[in-house]
Structures are given as C-alpha cells and as structure tokens.
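> 3D, please:
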Amino acid sequence: NNGRIAITQALQPGLALAKTIERLSNQLNANKPANSTEAEEALYTRTINRCDNLAQNIKTTFSVNNKNYVYYLERVNNIITVSMAPLDVAPILRDTLFSQDAAVISTSATLSTPGKDGASFDYFRSQVGLDNPDTITRILPLVFNYQQNALLYIPNDLPEPAYGNTAEATAYEYALAERMQLLVEASDGRAFLLFSSRRMLNTVADQIIPELKEKGYTPLLQGDVPPAEIIKQFRSSDKAVLFGLKTFWEGVDVQGEALSMVVIDKLPFAPMDDPVIAAKVRYIESKGQNAFTFYSIPTITLALKQGVGRLIRSHSDQGVMAILDTRLHTKFYGRQILNCLPPARRVLALEDIQDFFVPMKKEIQQFSQVRNILIERGLEKETYLKQFTNRQILERMQDIIDNPNRTQKQMEWLKKGLTIILEIHSKKK
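Numbers count the residues shown, from 1 in each chain. Sure, this is the predicted structure:
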C-alpha cells in the first residue's frame with residue numbers, strides 16, 4: 001500500500017549497490033581514454049564525479065547510522081523510494097544561513113502560530129534556528145477586509161471526529177457529509193471541500209456526490225486527473241465542487257466568483273503512524289518538551305491558515321470559510337488556534353451562511369446572464385474575456401459585480417459597459 005515505513009537498520013542491498021557504483025567509478029578513473037579533446041575529458045570527469053556522489057549518497061542513506069536523522073521507505077503508486085530526513089533543521093540553517101554575514105528576510109502569510117500573548121513567531125524561529133536576539137519581527141496589517149467580505153463558520157452542533165468501525169464513527173461521517181452538502185447548496189457550488197485523509201474524502205464523496213449530480217453540480221475529485229487539470233475544470237465549470245487533499249490546502253489560487261466556499265473537515269492533526277512525524281515527536285520529548293504544545297498545535301494552525309487562505313485572494317473576493325470541528329469550541333487549544341486565523345466574522349448557524357450568499361447569488365446570476373449571451377454568440381466560456389482588446393476594463397467590471405459596497409455611479413458605469421460590449425460583439429458577429 002502507499003505510505004511510509006520506518007527503517008531502523010542498514011539495508012544491505014543498498015550498500016552493495018553503493019559498492020558496485022564505487023567500483024565502476026574506479027574503473028572509469030583507471031581507464032581514461034587517451035587523446036581526448038578538452039570537452040570530452042571534461043564530460044568524462046563529470047561522469048566519474050556523478051558516480052562518486054551517487055555512491056556516497058546511497059551509502060549514507062542505506063547505512064541508517066545517524067541518530068539525528070529519520071530513515072524511511074515510501075511507496076507512491078508503483079514507485080518506492082528510500083529517504084533520510086533531519087529531525088531538526090535548525091542547526092543546519094543556523095550554520096549555513098543565519099550565521100553568515102548577510103541580511104535574511106523571512107516573509108509569509110503563515111509564519112505566526114499561537115504564543116503566550118497571542119500570535120508569535122516563536123515556533124518558526126525555533127524550527128529554523130533563528131535565535132539571534134537582534135532579530136526584528138513584525139506582523140503587518142491585513143490587506144483584505146475579512147470582516148466585510150468573509151464569514152468563518154465553525155458549528156458547535158456536530159459530533160466530534162470519531163474513527164474505526166463504531167457507531168460513533170458512522171454517526172460522525174454521516175453528519176459531516178450532510179453538513180458539507182448543505183454548505184455546497186448554500187453557496188451554489190463554487191466550493192473546495194478539503195479533507196485530512198483519503199478515506200474521509202471517499203466516504204463523504206460516496207454519500208453526497210449522487211445527489212449533487214442530480215441537482216446540477218459538477219463534482220471534481222482529486223486523483224481522477226492531475227491537480228492542474230482539476231483547477232482548470234473547476235474554473236470553467238458551473239456549480240463546481242472540488243474534493244481535495246493536502247495538494248489543495250496550499251499553493252492554489254482561484255480568484256473571483258469561481259471560488260466562494262472553502263470547507264475543512266477537521267483539525268489536521270499529523271498522523272502519528274507516519275515514521276517522520278513519530279520520530280520528530282520522540283525527538284521533541286527527549287528534550288523535555290511537550291510535543292502537543294510545541295509541535296501539534298503550531299502545525300495544525302499553519303495548515304488551517306493555508307487551507308482557509310485559499311478563499312480570499314484579492315480585494316474583491318468574498319465567501320465563507322468553514323471548519324467542521326467542534327473541538328475548536330470544546331478544547332483548551334481551540335481559542336489559541338482561532339486567534340491566529342483570519343479575522344472574519346464568526347458564525348455558528350447554517351442560516352447565517354445561507355443569508356450571506358443571497359445577494360451574491362443575485363449578482364452572479366446577473367453577470368452570468370451577460371456571460372451566457374456572449375457564449376451563445378460564439379465565445380467559448382474560458383475565453384470570453386480575452387476576445388476584447390481592453391481586458392482591464394472587463395476585469396474592473398468584474399470587480400464591481402463582486403463588490404457588495406459598490407456605488408450607484410459604479411453600477412451606472414457597469415451597465416453602460418455591458419451594453420457597449422454586447423453591441424461590439426454583435427457587430428463582430
């Protein structure tokens with residue numbers, strides 16, 4: 001099966017392979033061809049160096065003799081790899097980067113985690129070895145208006161996550177799937193449903209996809225096609241619903257009306273049966289620290305910030321972020337995590353989500369009517385904006401449609417613009 005297995009002792013087949021490559025390198029070195037050109041000699045030397053480096057890397061990995069590393073075998077589909085990973089990268093970065101005579105700027109929207117007095121950089125600094133007392137830290141003001149443009153929905157009426165072949169687990173899975181379907185219907189699709197495990201993704205998908213299809217939604221499952229193709233389909237499909245795993249928690253940018261809802265199934269606790277995670281936990285505890293406080297909570301927070309961060313990607317974006325895990329209400333660490341998430345207006349009731357999307361649906365319907373007219377007159381759905389010489393004007397029109405606080409003057413400008421576009425395209429036809 002796909003997954004990782006810890007390696008705790010040297011793997012002799014790998015060491016034998018390293019010796020074979022070493023012998024090959026020695027033979028190449030001893031039998032250099034005579035009368036080679038300068039270019040041929042350089043190429044020959046590079047080949048010997050590659051053999052030496054490959055043999056050394058294989059020997060280092062398969063020896064399994066460095067206590068500061070964790071060794072593991074991983075299978076993904078039919079590809080098996082053997083890897084070694086440092087338990088702590090702080091000493092490496094401290095020596096090779098932060099101790100050098102150079103300025104270093106570390107910047108990201110997801111660096112801060114819960115601290116004693118709110119959001120802090122303590123976890124990030126400890127992880128990368130940034131312990132210089134002269135380090136300057138800043139949390140800059142937000143550039144997006146989350147209070148106005150977004151809701152953070154964290155229900156308190158769902159059962160806590162449960163696992164295994166138990167009645168509690170069955171009830172939890174049913175309640176989760178049912179709530180996700182209601183959220184998708186509230187937003188009229190245009191939703192990312194993000195899961196912490198493939199098993200839960202499949203469970204929810206099996207339960208709600210048949211009915212979603214009957215109601216005209218377009219479900220897209222990670223794994224059916226490459227991620228880039230899924231995003232392309234998501235942007236171009238009506239009422240799209242993406243079922244995704246870790247790949248879609250970060251690095252995905254879908255701006256505008258195409259994405260209006262991001263739903264996360266539960267707090268993304270790291271799997272303790274993963275050999276890398278288990279080794280890091282043991283390493284942290286060996287230093288007398290609490291792994292839950294110093295590792296689990298920070299990593300959960302960063303993952304959630306990445307996940308909900310898929311929603312608001314521009315000033316005109318709006319929508320709902322939902323985390324369907326009641327432990328944010330009932331556990332001591334819930335408030336710590338929530339204080340590090342975007343400051344959207346927090347709601348508990350599904351009715352608040354439905355009310356939020358009512359004006360958005362009217363706006364989308366208005367724009368869709370114009371879009372459909374253009375499509376009917378010969379423009380492809382994905383390229384209708386590109387058919388006009390001044391795309392910036394159309395993008396500005398889209399911004400006005402997406403802005404719930406648009407002025408009357410902007411609405412008049414928008415109506416004139418749409419009329420002109422239709423006239424231009426009628427003449428082109």
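> buried set for stretch 307-320?
307-312, 316-320 (16 or more other Cβ atoms under 10 Å). C-beta: built from backbone N, CA, C; applies to glycine.
> so which of those are in strands?
319-320 (DSSP state E).
> in helices only, show me the buried residues of stretch 307-320.
307-308 (DSSP state H).
> neighbours of residue 212, how many?
The tally of other residues near residue 212 (other Cβ atoms under 10 Å) stands at 19.
> residue 114 too?
Using other Cβ under 10 Å, residue 114 has 22 neighbouring residues.
> repeat for residue 272
Residue 272 has 10 nearby residues by other Cβ under 10 Å.
> these two touch, right, it and residue 281?
Yes: the criterion here is Cβ atoms under 8 Å, and residue 272 meets it with residue 281 at 7.1 Å.
> need the contact list for residue 248.
By Cβ atoms under 8 Å, 6 or more residues apart in numbering, the contact set of residue 248 is 192, 194, 222, 227, 242, 310.
> one more time with 10 Å, if that's ok
192-195, 222, 227, 230-231, 234, 242, 254, 262, 306-307, 310 (Cβ atoms under 10 Å, 6 or more residues apart in numbering).
> go through those residues and say which is closest to residue 329.
Checking the contacts of residue 248 against residue 329 with Cβ to Cβ, the nearest one is residue 307 at 18.5 Å.
> for the closest one, what are its contacts?
By Cβ under 10 Å, 6+ apart, the contact list for residue 307 reads 110, 192, 194, 196, 244, 246, 248-250, 262-264, 268, 321, 323, 341.
> keep only those of those that are in strands.
Mapping the contacts of residue 307 onto strands (DSSP E) picks out 192, 194, 244, 262-264, 321, 323.
> hmm, back to that, in CSV: the buried residues of stretch 307-320, plus distance to residue 90 and pLDDT.
Converted to CSV, those look like this (distance: Cβ to Cβ, whole Å; pLDDT from 0 to 100):
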residue, distance to residue 90, pLDDT
307, 26, 82
308, 28, 83
309, 26, 79
310, 29, 78
311, 33, 78
312, 32, 76
316, 40, 74
317, 36, 78
318, 40, 83
319, 38, 86
320, 38, 91
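> just put the buried residues of stretch 307-320 in CSV and tack on distance to residue 204.
Formatted as CSV, the buried residues of stretch 307-320 follow (distance: Cβ to Cβ, whole Å):
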residue, distance to residue 204
307, 16
308, 19
309, 22
310, 18
311, 20
312, 24
316, 30
317, 25
318, 25
319, 20
320, 18
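> which residues of the stretch 151-300 of the chain fall in helices?
167-187, 198-214, 227-236, 275-286, 291, 297-308 (DSSP state H, counting those that start in this stretch).
> ok so residue 85 is a helix residue?
No: per DSSP: H, G, I helix; E, B strand; the rest coil, residue 85 lies outside any helix segment and is strand.
> is it in a bridge, and if so with what?
residue 70 (DSSP bridges).
> sorry, back to before: list residues touching both of residue 272 and residue 281?
291, 296.
> re the thing from before, to residue 152, which of the helices of the stretch 151-300 of the chain lies closest?
So among the helices of the stretch 151-300 of the chain, helix 297-308 is nearest, using Cβ to Cβ, at 7.6 Å.
> test my guess that residue 217 contacts residue 191.
Yes: between residue 217 and residue 191 there is a contact under Cβ atoms under 10 Å: 9.0 Å.
> what's the overlap in contacts for the two?
Any residue near both residue 217 and residue 191 by Cβ under 10 Å, 6+ apart counts here, and that gives 184-185, 239-241.
> going through the residues you listed, which ones are buried?
Among those, those classed as buried by 16+ other Cβ under 10 Å are 184-185, 239-241.
> show me where this protein has strands.
Using DSSP E, strands in the chain cover 3-6, 69-76, 79-86, 113-115, 118-120, 150-153, 191-194, 218-221, 240-244, 261-264, 319-323, 345-347.
> for residue 16, find the nearest of these.
Across the strands of the chain, closest to residue 16 is strand 79-86 (Cβ to Cβ), at 13.7 Å.
> what about the closest residue to residue 204 other than its chain neighbours, distance to residue 63?
Spatial nearest neighbour of residue 204, excluding adjacent residues (Cβ to Cβ, 6 or more residues apart in numbering): residue 177 at 4.4 Å. As defined by Cβ to Cβ, to the nearest Å, residue 177 lies at a distance of 47 Å from residue 63.
> identify the farthest-apart pair in the buried residues of stretch 307-320.
Of all pairs drawn from the buried residues of stretch 307-320, the greatest distance, 21.2 Å, lies between 307 and 316 (Cβ to Cβ).
> for the closest residue to residue 311 other than its chain neighbours, give me the pLDDT.
Here the nearest residue to residue 311 in space, its sequence neighbours aside, is residue 262; by Cβ to Cβ, 6+ apart that works out to 4.6 Å. You'll see residue 262 listed with a pLDDT of 90.
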